[in-house]
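Enquirer: Coordinates for the following, if possible.
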Amino acid sequence: MGSGIILFDGVCNLCVWSVQFILRRDRRAYYRFAALQSPVGQHLLRQHGIQLPADESVVLIEGGHVYTHSEAWLRITRRLSGLWPLH
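Expert: Model (predicted):
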């Protein structure tokens with residue numbers, strides 16, 4: 001089935017909380033995570049040719065595509081259990 005990779009701002013408390021939120025609701029363990037600032041995060045950014053604006057806090061890499069901002073969050077929530085995939 002594959003997986004999605006979520007790159008998040010590892011120094012942002014809200015972003016770290018969001019990862020915990022996703023982990024609790026990702027019952028199929030679809031997502032993998034890496035901080036944007038980590039060596040793995042930096043490698044994935046380079047590998048996918050991603051240039052981020054300074055205010056970017058989440059990137060979803062899924063199926064060979066890169067999503068940011070609200071599009072990333074909407075795609076992330078569609079795979080979560082509970083009432084989150086409402087769109």
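
Enquirer: any weak-confidence spans in this protein?
Expert: Applying pLDDT under 70 to the chain flags residues 1, 54-55, 83-87.

Enquirer: try it again with 50
Expert: By pLDDT under 50, the low-scoring segments of the chain are 87.

Enquirer: quick check: longest helix of it.
Expert: helix 13-25 (DSSP state H).

Enquirer: which parts of it are buried?
Expert: For helix 13-25, burial by neighbour count (16 or more other C-beta atoms under 10 Å) applies to 15, 18-19, 22, 25. (Each C-beta comes from the backbone N, C-alpha and C, glycine too.)

Enquirer: Next, format those as CSV and append distance to residue 37.
Expert: Shown next, in CSV, are the buried residues of helix 13-25 (distance: C-beta to C-beta, whole Å):
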residue, distance to residue 37
15, 11
18, 16
19, 14
22, 19
25, 25
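
Enquirer: List just the nearest of the residues you listed to residue 70.
Expert: Distance to residue 70 across the buried residues of helix 13-25 (C-beta to C-beta) is lowest for residue 18, with 13.4 Å.

Enquirer: Which residue, neighbours along the chain excluded, lies closest to that closest one?
Expert: residue 8 (6.8 Å; C-beta to C-beta, 6 or more residues apart in numbering).

Enquirer: End to end on stretch 6-21, go ahead and measure it.
Expert: 13 Å (C-alpha to C-alpha, to the nearest Å).

Enquirer: and for the helix or strand harbouring residue 32, what are the contacting residues?
Expert: Counting by DSSP states H and E, the element that carries residue 32 is strand 31-35. Strand 31-35 is touched from outside by 3-10, 19, 22-23, 40-41, 44, 76, 79, with contacts defined as C-beta atoms under 8 Å, 6 or more residues apart in numbering.
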